[in-house]
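Colleague: Test case, fold it:
(one chain, ligands or ions: 1)
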Amino acid sequence: MRSDVPHLLHAYSRPAAGRSGFVDIVAGDGAEVVDSTGRRYVDALGSLWYCNVGHGRREIGDAVVEQMRRLEVFHTFDRFTNRPAESLAERLSGLAPMPDARVFLTSGGSEAVETAVKLARVAQAWGGHPERTVVVSRKPSYHGVTYAALSATGIPANQAGFGPLLPDVVQVPYDDLDALDRVGREHEGRVAAVIAEPVVGAGGVLPPPEGYLGGVRERCDRWGAYLISDEVICGFGRLGRWWGAEHYGVRPDLVTFAKGVTSGYLPLGGVLVGAAVREALEADEDAVLRHGYTYGGHPTAAAAALANLDLIDREGLLGRAPVIGERLGAGLGSLVDGEQVLGHRGTQGIWAIELGDDLPAAAVRDAMLDHGVIARPIGSSTLAYCPPLVVADEQMDRCVEATRLGVAQVRSRITARG
Ligand SMILES: Cc1ncc(COP(=O)(O)O)c(C=O)c1O
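Modeller: Purely as a prediction, here's the structure:
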């Protein structure tokens with residue numbers, strides 16, 4: 001057993017990585033964070049795609065302290081509730097991209113996806129269609145790490161070694177409605193739900209082709225399947241509206257959310273449950289929904305979410321994504337040279353560049369740290385950007401410049417090695 005590794009077994013990391021491999025983040029304000037040596041970085045991915053209102057917002061801290069002092073936590077299983085969870089549900093229902101939504105609360109995105117898949121299946125079963133168990137997802141896509149979420153995730157490397165996965169989960173290329181039709185024919189009468197991110201995030205930053213999501217909606221209607229919009233990244237202003245589904249003009253049956261609902265200040269996620277699913281769940285007065293997480297409806301996490309939503313509202317942060325799209329998108333586009341940087345893609349507040357074949361994205365990320373910017377490699381040749389919505393023009397320019405310098409540095413190192 002190794003003695004030079006940290007006690008903390010880090011997520012998405014090499015278990016054999018030594019202590020010195022980790023950057024110790026100790027503080028943050030706005031779109032920047034600071035490490036234990038005092039070095040400042042632009043947080044170009046909003047930590048992990050979530051810090052929409054930026055770091056160090058006193059209003060959220062105050063709301064959390066106030067709630068902690070009154071009641072830190074009590075559960076919301078039958079027969080208990082609490083004001084912050086109820087208020088948050090009411091607020092999110094009012095913002096939802098479909099009418100009459102109720103809100104199921106979880107502690108994060110994977111639990112939200114797990115919940116949406118389970119609700120889709122149980123609503124189909126209670127609605128008289130127990131044969132509808134198939135869940136269709138896209139490839140690439142990222143939906144999380146618990147078993148339903150992992151099974152839906154369209155990144156084979158994430159699934160390797162963790163099998164067997166959930167049965168009856170079928171994947172189609174992320175942009176191909178004909179492939180979806182083929183799955184519909186193959187599993188005729190058996191599709192419970194289709195799950196899609198409005199813009200594929202960690203799977204590659206891939207906006208949908210024109211009309212794609214509307215096409216998915218139309219097929220769900222025809223098949224009696226539910227459309228799950230996984231808004232864990234796209235929600236709360238990332239695409240310039242409260243929801244990505246609104247941005248693309250589609251009406252989902254279920255919406256999964258997390259990350260930006262609290263800007264990550266406390267762990268919280270959930271599912272918006274639309275009328276079609278509600279109808280099936282509420283039909284039998286005596287039926288009990290045997291699903292729920294210990295921390296679902298956590299009042300302190302809900303207080304953080306409410307304060308975060310207030311900030312998004314008050315500061316007009318939904319309007320920031322188009323600004324980011326113009327400045328950061330154009331800046332990253334200016335780096336495209338067909339050799340070191342093959343392309344850029346994204347929309348609104350979420351972007352990526354595609355690096356030349358022999359330029360490892362992780363090495364470029366590492367080099368960028370020396371230039372004071374934290375971007376994130378997704379896959380071997382893609383770097384992602386999803387900054388806090390409060391990011392300033394000058395900070396976006398630093399992201400672009402650090403990328404240019406990082407790419408040049410890694411290229412010259414590779415060339416020197418021959
Ligand atoms: C679209 C999407 N769904 C689900 C998840 C899983 O969320 P969590 O990591 O909070 O479990 C993520 C996380 O990045 C995500 O991007």
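Colleague: Contact residues of this structure facing the ligand?
Modeller: The chain comes close to the ligand at residues 49, 108-110, 113, 142-144, 197, 201-202, 230, 232-233, 258, 269, as judged by Cβ under 6 Å from any ligand atom. (C-beta placed from N, C-alpha, C; glycine too.)
Colleague: can we see that at 5 Å?
Modeller: By the rule Cβ under 5 Å from any ligand atom, the part of the chain lying against the ligand is G108, G109, S110, Y142, H143, G144, E197, G201, D230, V232, I233, A258.
Colleague: the domain parsing of this protein - what is it?
Modeller: Domain ranges of the chain: 19-53+317-417, 59-314, per automatic domain parsing.
Colleague: would TSV of those with mean pLDDT be doable?
Modeller: As requested, these are exported to TSV (pLDDT from 0 to 100):
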stretch	mean pLDDT
domain 19-53+317-417	97
domain 59-314	98
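Colleague: among these, which is nearest A11?
Modeller: Of all those, domain 59-314 sits nearest to A11, with 8.4 Å by Cβ to Cβ.
Colleague: chain center to the closest one: distance?
Modeller: 10 Å (Cα atoms, centre = their mean, to the nearest Å).
Colleague: Among the residues of the chain next to the ligand, list the two that are farthest apart in space.
Modeller: G108 and E197 (15.7 Å).
Colleague: So for the two, which sits in the more crowded spot?
Modeller: E197 (28 against 21; other Cβ atoms under 10 Å).
Colleague: Apart from its chain neighbours, what residue comes closest to that one?
Modeller: Spatially, and ignoring its direct neighbours in sequence, E197 is nearest to D230 (4.7 Å; Cβ to Cβ, 6 or more residues apart in numbering).
Colleague: what about H344, is that helix, strand or coil?
Modeller: Classification of H344 by DSSP: H, G, I helix; E, B strand; the rest coil places it in strand.
Colleague: Inside strands: which ones of the residues of the chain next to the ligand?
Modeller: Taking DSSP state E, the ones among those that sit in strands are D230.
Colleague: May I have the residues that are in contact with the closest residue to V200 other than its chain neighbours?
Modeller: Closest residue in space to V200, ignoring its immediate chain neighbours: L206 at 4.0 Å, by Cβ to Cβ, 6+ apart. Residues in contact with L206 (Cβ atoms under 8 Å, 6 or more residues apart in numbering) are P140, Y174, D175, V199, V200, R345.
Colleague: And the residues of the chain next to the ligand, which is closest to the ligand?
Modeller: Nearest to the ligand out of the residues of the chain next to the ligand is G109 (Cβ to the nearest ligand atom; 2.2 Å).
Colleague: The closest one: neighbour count?
Modeller: G109 is flanked by 30 other residues according to other Cβ under 10 Å.
Colleague: circling back to that earlier point, between the domains of the chain, which one is closest to L8.
Modeller: Between L8 and those, the shortest separation by Cβ to Cβ is 8.5 Å, and it involves domain 19-53+317-417.
Colleague: Between the two ends of the closest one, how far is it?
Modeller: Taking Cα to Cα, to the nearest Å, domain 19-53+317-417 runs 27 Å from one end to the other.
Colleague: Then stretch 243-259?
Modeller: 13 Å.
Colleague: picking that back up, quick check: helices, which of the residues of the chain next to the ligand are part of them?
Modeller: G109, S110 (DSSP state H).
Colleague: Quick check: A304 touching T262?
Modeller: Yes - under the criterion of Cβ atoms under 8 Å, A304 makes contact with T262 at 4.6 Å.
Colleague: I'd like the distance between I324 and R404.
Modeller: 18 Å (Cβ to Cβ, to the nearest Å).
Colleague: ok, now D100?
Modeller: D100 is 49 Å from R404, where distance means Cβ to Cβ.
Colleague: Alpha carbons of stretch 264-279, in PDB - could you do that?
Modeller: Backbone C-alpha positions of stretch 264-279 (Å, rounded to 0.1, in the frame of the first residue of the first chain) are rendered in PDB as follows:
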ATOM      1  CA  GLY A 264     -22.800  24.700  -5.600                       C
ATOM      2  CA  TYR A 265     -22.800  26.500  -2.200                       C
ATOM      3  CA  LEU A 266     -24.500  23.500  -0.700                       C
ATOM      4  CA  PRO A 267     -25.300  20.100  -2.400                       C
ATOM      5  CA  LEU A 268     -28.800  20.100  -3.800                       C
ATOM      6  CA  GLY A 269     -30.600  18.800  -6.800                       C
ATOM      7  CA  GLY A 270     -34.000  17.600  -7.800                       C
ATOM      8  CA  VAL A 271     -36.600  16.900 -10.400                       C
ATOM      9  CA  LEU A 272     -39.400  19.000 -11.800                       C
ATOM     10  CA  VAL A 273     -42.300  16.700 -12.300                       C
ATOM     11  CA  GLY A 274     -44.800  17.800 -15.000                       C
ATOM     12  CA  ALA A 275     -48.500  17.100 -15.400                       C
ATOM     13  CA  ALA A 276     -48.400  13.800 -17.300                       C
ATOM     14  CA  VAL A 277     -46.100  12.100 -14.700                       C
ATOM     15  CA  ARG A 278     -48.100  13.700 -11.800                       C
ATOM     16  CA  GLU A 279     -51.300  12.400 -13.100                       C
END
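Colleague: quick one, helices of the chain?
Modeller: Counting by DSSP H, the helices of the chain are 46-49, 58-70, 83-95, 109-126, 147-152, 156-159, 177-186, 212-223, 244-247, 275-282, 299-314, 320-333, 361-369, 393-417.
Colleague: okay, those in TSV with distance to D24 next?
Modeller: Output for these, formatted as TSV (distance: least, Cβ to Cβ, whole Å):
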stretch	distance to D24
helix 46-49	14
helix 58-70	21
helix 83-95	32
helix 109-126	25
helix 147-152	29
helix 156-159	26
helix 177-186	45
helix 212-223	41
helix 244-247	34
helix 275-282	44
helix 299-314	24
helix 320-333	27
helix 361-369	12
helix 393-417	20
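Colleague: Contacts only, for A321.
Modeller: Counting by Cβ under 8 Å, 6+ apart, A321 has contacts G237, R238, L239, G240, Q348, G349, L389.
Colleague: list the contacts for the third one?
Modeller: Applying Cβ under 8 Å, 6+ apart to L239 gives the contacts P198, V199, H247, A321, T347, Q348, G349, I350.
Colleague: Looking at the contacts of L206, which is nearest the ligand?
Modeller: Among those, and counting by Cβ to the nearest ligand atom, the member closest to the ligand is V200, at 8.1 Å.
Colleague: Next up, the contacts around that closest one.
Modeller: V200 neighbours (Cβ under 8 Å, 6+ apart): R138, P140, S141, Y142, Y174, L206.
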